[in-house]
Each structure stands twice: as C-alpha cells, then as structure tokens.
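A.B. asks: got a sequence here, can you model it:
(one chain, ligands or ions: 2)
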Amino acid sequence: MPGLENEIKRLTALGLHRRCVEGDIPRVAALTLEINRRKKERGAVICAHVYQTPDIILGIGDLVGDSYKLADDCRKSPAKTIIFCGVHFMAETAKILNPEKKVYVPSANAGCSLSEAITADDVKKLKAEHPGPPVITYINTSAEVKAESDCIVTSANAEKILRRMYEKHEKVIFLPDRFMGANLAKALGKTPGKDIILWNGSCVVHEKFDPGLIKVYRQRYPGLAVLAHAECPTELIREVDFMGGTGDMMRYVESTNAAAYLLVTECGFGELARLKFPAKNFIAMCRLCPYMKSITLDSVLALLQDPAAQEVTVPPAVAARAKKAIEKMFELAA
Ligand code: 13P
Ligand code: SF4
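C.D. replies: Numbers count the residues shown, from 1 in each chain. Ligands and ions are numbered 1, 2, ... in the order given. Have a look, this model is predicted:
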C-alpha cells in the first residue's frame, strides 16, 4: 500500500515515532490517512489546540494554535465545516463567529472546569451586586456567559485588554479564573476586591502544580527557564521567568536559548515543543487535561463517519450577544 507507506514516512519525518502517540506508527498512519481523505472529501478543516496529542496536531491538524489563534483562524478559513479538536467552548466560539458553518467536536466529554464554574445567572447577579464596571470574561466560558459579558479575552491578550479597559474604567469584573485574575491584577498593580472583582473558578489542571518544585528544579538544572500558563496559582507564578498563554510560551521557547525549559502547563504542549525544537532540552512538569485528552484519532474518524451527534449549536439570540463581546476582543487585541 504505497499510500500507507508514504504516510508512515511523513509521520516519521515529523518525529512522531519518538513521542507518545496512540499506538504504533502504522496504526496511527492508517488513521491519519483515512481521516485526511474523508476530511478533504467533506471540505472540512481540522482545528487542533496545542494541548492535543502530537498525532492529532501534526497528523491531521490544519489550523493549530492557542485559543485566540484558533478563533481568529476559523473566522478567516473558507471551509464550510470545522472539526474542532479542542474543548467545547472553543468550538462554540467558532460557531458563534461562523453561524453559517457546521462545527463539530469529536467528543461529548470535551468540557472545561473553568467553563463549568460560572453560569449566565451568576454573571447577572454579579452585575447587580457591582453595577457599572465592564465584565471582562475569559474565553473559557459558555456562550451564555459570553452573552452577558462586555469583552472576551484569552491568555494571549488579557493583560493588554485589561490595560486598555483601565484607561476608561477604575474597576472591572474579571471572570471566571481567580488565579488568572489575581495574576493579572498583580501584573497591573491592581487590588482584587477593590479594582478588580473576581469569581471563584479555576482550571483543574493548572491549579494543582506545586510551586515548591520550581526551586528544586532550578537547583537541579542551572540555567533553567521556567514558563507557566497564566491559569497557575499566584505563588507559583512568583517563581517563574515567564507567564502567558500557550502561544506566547511557544514563542518564548523559540526566541530564547536557555540550557533547559520547564513548561508548567498541560502535557500536550511539551510534547509539541519537543517535536518542534528537537535540539532544546525540556524538563517534564506537566499535567493532563482529561477534557482535551477525551479526543483521539479514533474519535475524529468516528465523527467523520457519523457527524450528526456531535454538531455544536448555539441559540441565535445568545450567539448574537456573545459575538459582540468576542468582536470587542478582536478590536482591542489588534
Ligand atoms: P491558551 O489560550 O493559552 O491556549 O489556553 C487555553 C486553555 O484552555 C489553557 O488551559
Ligand atoms: Fe479547561 Fe484547564 Fe483543560 Fe484548559 S487545561 S481546557 S482551562 S480544564
């Protein structure tokens, strides 16, 4: 089968044989070959967040990146069908921005603890308790919560957008990640409870990293650069060289020459970094996101065989209000 042999060669050249993938390369190649064939037949585009496994990102991903880049790429893609290998709120964002397109997620379990931490009613109550300040909402939320918000942010632009908001407002409401909110408040010299009202949400992956380990690793690996996602607790962020979103973390790795890198985030990110920069040294300090990891090559193939069950829909009235808040993000992040 020359098709399969060529696919094995392609995946091997990408280095996939050296990393954790689902099964051995011939099995992965058979799946990626079939998925890519069906995807073309349907005129679909596959989005892959950097927390997906490398066989998904490099084997079948067309649009790859952080949540901001993927939202932006989906707006610009001419494809009429989007298969989102990421979590549900990301696919919902793609649907809100592209109501005319069909959007699918290849897993019913691709939720997010942050998205589940707050409802639209919670936001309404909070606005009633704190009338006036704009509601700045992290993209890791449901469409209904976005619809109650003034502006959406991702970890790639939250600091920039908050700075711009503070030019006009003394106080903002930031939802729902209490750690990211506290980290941003610290970076901007603002006081939680006074200048920034926070919610009690957190990411089940990032909240559990142990800040004490960073000192241990620094002693063990001189010249270590420590990068952490902005969803990590503030005691940990105090110890790192760089805090940001996954896109900025990858650019930091690319543009620096540290003796080694400690990437404090979801494991898929480190897997991808190792493949992209084989000459650099990476120290493992990662946790798996069970929601992101509910998507596999098998589930993508199953979706392409029977997509109806996993179509993402958003009620048009909710989508219209949520879209305004997302568009505000694109305007202020530009
Ligand atoms: P990024 O936007 O940095 O990719 O983050 C998304 C996310 O879910 C982090 O846990
Ligand atoms: Fe949500 Fe955390 Fe998973 Fe990101 S890593 S999708 S914030 S649960």
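A.B. asks: may I have the host helix or strand of residue 249 exported as CSV, CA atoms only?
C.D. replies: Assigned by DSSP states H and E, residue 249 belongs to helix 246-255. Output for helix 246-255, consisting of C-alpha atoms alone and laid out as CSV, is shown next (Å, rounded to 0.1, in the frame of the first residue of the first chain):
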residue,chain,number,x,y,z
THR,A,246,0.4,28.8,25.2
GLY,A,247,1.1,30.8,22.0
ASP,A,248,3.4,33.2,23.9
MET,A,249,5.1,30.3,25.8
MET,A,250,5.9,28.7,22.4
ARG,A,251,7.3,31.9,21.1
TYR,A,252,9.4,32.3,24.2
VAL,A,253,10.9,28.9,23.7
GLU,A,254,11.6,29.6,20.1
SER,A,255,13.3,33.0,20.7
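A.B. asks: let me see the mean pLDDT of the very next helix or strand once past that helix.
C.D. replies: Remark: after helix 246-255, the chain's next helix or strand is strand 260-266, criterion DSSP H and E. Mean per-residue pLDDT for strand 260-266: 97.
A.B. asks: for strand 260-266, packing partners?
C.D. replies: Identification of packing neighbours for strand 260-266 by 3 or more Cβ pairs under 8 Å, 6 or more residues apart in numbering; DSSP states H and E yields helix 212-220, strand 224-229, helix 246-255, helix 267-276, strand 282-283, strand 286-287. All C-beta atoms are positioned from the backbone trio N, CA, C, and that covers glycine.
A.B. asks: of all those, which lies closest to residue 202?
C.D. replies: Comparing the helices and strands packed on strand 260-266 against residue 202 with Cβ to Cβ, the closest turns out to be strand 224-229 (12.2 Å).
A.B. asks: would you verify that residue 78 is located in a strand?
C.D. replies: No: following the definition DSSP: H, G, I helix; E, B strand; the rest coil, residue 78 is coil and is not counted among the residues of a strand.
A.B. asks: gap between it and residue 98?
C.D. replies: Separation of residue 78 from residue 98 (Cβ to Cβ, to the nearest Å) stands at 11 Å.
A.B. asks: these two - which one has more neighbours?
C.D. replies: Taking neighbours as other Cβ atoms under 10 Å, residue 78 and residue 98 compare with residue 98 leading, 18 against 7.
A.B. asks: tell me the contacts of the residue in the stretch 201-334 of the chain positioned nearest to ligand 1?
C.D. replies: Across the stretch 201-334 of the chain, the shortest distance to ligand 1 (Cβ to the nearest ligand atom) belongs to residue 245, at 3.1 Å. With contact set as Cβ atoms under 8 Å, 6 or more residues apart in numbering, residue 245 has these partners: 66-68, 154-156, 229-230.
A.B. asks: now it: closest residue in space, sequence neighbours ignored.
C.D. replies: With Cβ to Cβ, 6 or more residues apart in numbering as the measure, residue 155 is the residue that lies nearest to residue 245, at 3.1 Å, once sequence neighbours are left out.
A.B. asks: which parts of this structure are strands?
C.D. replies: According to DSSP state E, the chain carries its strands in the segments 44-49, 63-65, 81-85, 102-104, 135-138, 151-153, 172-175, 196-198, 224-229, 242-244, 260-266, 282-283, 286-287.
A.B. asks: mean neighbour count added to these, as TSV?
C.D. replies: Listed next are the strands of the chain as TSV, based on neighbours: other Cβ atoms under 10 Å:
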stretch	mean neighbour count
strand 44-49	25
strand 63-65	21
strand 81-85	27
strand 102-104	22
strand 135-138	26
strand 151-153	28
strand 172-175	26
strand 196-198	20
strand 224-229	23
strand 242-244	21
strand 260-266	24
strand 282-283	16
strand 286-287	18
